[in-house]
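>>> Pasting the sequence and the predicted model now:
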Amino acid sequence: GNSVTQMEGPVTLSEEAFLTINCTYTATGYPSLFWYVQYPGEGLQLLLKATKADDKGSNKGFEATYRKETTSFHLEKGSVQVSDSAVYFCAVKAAGNKLTFGGGTRVLVKP
Amino acid sequence: DSGVTQTPKHLITATGQRVTLRCSPRSGDLSVYWYQQSLDQGLQFLIQYYNGEERAKGNILERFSAQQFPDLHSELNLSSLELGDSALYFCASSAGQGAETQYFGPGTRLLVL
């Protein structure tokens, strides 16, 4: 079956620092890749997605590139803000309809 | 706001009891998915319905069941509850059967005492 591995947190950063969260996946066929974010006390929000190799998803200053050769979809942001403090989930959707999530990475941005 | 609504927001009940969680998908979406988020298991897919019919099943216990009604809202029924069923239950919806993007509701937090 599909699986997603993402770096464990928490990741603690200062405001304006560079953020990288690593994500690698295993999946059959041609999966689509997603990053979801969960702010404290809230549900999951789609942050960005990529549906084929070399696609770059981007939103709110976050970017991730679908790397088929390394089966990776690392999330990056050049300058984080306190409001980016949240839990970030990498997910894969391959054959079938379900999303398979990684364990989540908690990010804490300090002023 | 994703457009997916879930009720109730919080639910506290006792072991052995039965509860029903409700989800209304985004307007026009035909697929509804249920996920469970727990500390030990993470986020896990439970079940999917498309236009009233079950389409995919994940790690859903036999004590749990779901259905999707003609107006496309869905209910997740949890019975003979155990302490370990305490979790956040999310509903998501998408436009079609295998549509790329699933939009999540705010979740129902279930606490079993």
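Yep, that arrived.

>>> Is residue 89 part of a helix or strand, or is it coil?
Since you didn't name a chain, this refers to chain A. State at A:F89, reduced to three classes by DSSP: H, G, I helix; E, B strand; the rest coil: strand.

>>> If it is in a bridge, with which residues?
Residues in a beta bridge with A:F89, per DSSP bridges, are A:Y36.

>>> Please name the residues that touch it.
A:6, A:35-38, A:44, A:101-102, A:104-105, B:43 (CB atoms under 8 Å, 6 or more residues apart in numbering or on different chains). In this view, the C-beta of every residue, glycine as well, is placed from N, C-alpha and C.

>>> Would you mind listing where chain A has pLDDT under the threshold?
Residue ranges of chain A with pLDDT under 70: A:96.

>>> Flag every residue of it that's near chain B.
A:32, A:34, A:36, A:42-46, A:49, A:51, A:89, A:93, A:96-104 (CB under 8 Å from any CB of the partner chain).

>>> let's see 7 Å
Residues of chain A lying close to chain B (CB under 7 Å from any CB of the partner chain) are A:32, A:42-44, A:46, A:49, A:51, A:89, A:96-99, A:101, A:103-104.

>>> which two in those are spaced the farthest apart?
Comparing all pairs in those by CB to CB, the longest separation belongs to A:E42 and A:G96, at 27.1 Å.

>>> Keep only those of the contacts of A:F89 that are in strands.
Assigned to strands by DSSP state E, the following of the contacts of A:F89 qualify: A:6, A:35-38, A:44, A:101, A:105, B:43.

>>> State the number of residues packed around B:E100.
12 (other CB atoms under 10 Å in any protein chain shown).

>>> ok, it touching A:T51?
Yes - between B:E100 and A:T51 there is a contact under CB atoms under 7 Å: 6.2 Å.

>>> picking up where we left off before, may I see the contacts of A:F89 organised as CSV, with distance to B:Y49 and neighbour count added?
Shown next, in CSV, are the contacts of A:F89 (distance: CB to CB, whole Å; neighbours: other CB atoms under 10 Å in any protein chain shown):
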residue, distance to B:Y49, neighbour count
A:Q6, 28, 23
A:W35, 25, 26
A:Y36, 21, 25
A:V37, 26, 21
A:Q38, 24, 22
A:L44, 19, 28
A:F101, 20, 23
A:G102, 25, 26
A:G104, 26, 20
A:T105, 30, 21
B:L43, 19, 23
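
>>> Mind putting those into TSV with distance to A:F62?
Formatted as TSV, those follow (distance: CB to CB, whole Å):
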residue	distance to A:F62
A:Q6	14
A:W35	7
A:Y36	11
A:V37	9
A:Q38	14
A:L44	15
A:F101	17
A:G102	16
A:G104	16
A:T105	13
B:L43	19
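
>>> This completes my enquiry, with thanks.
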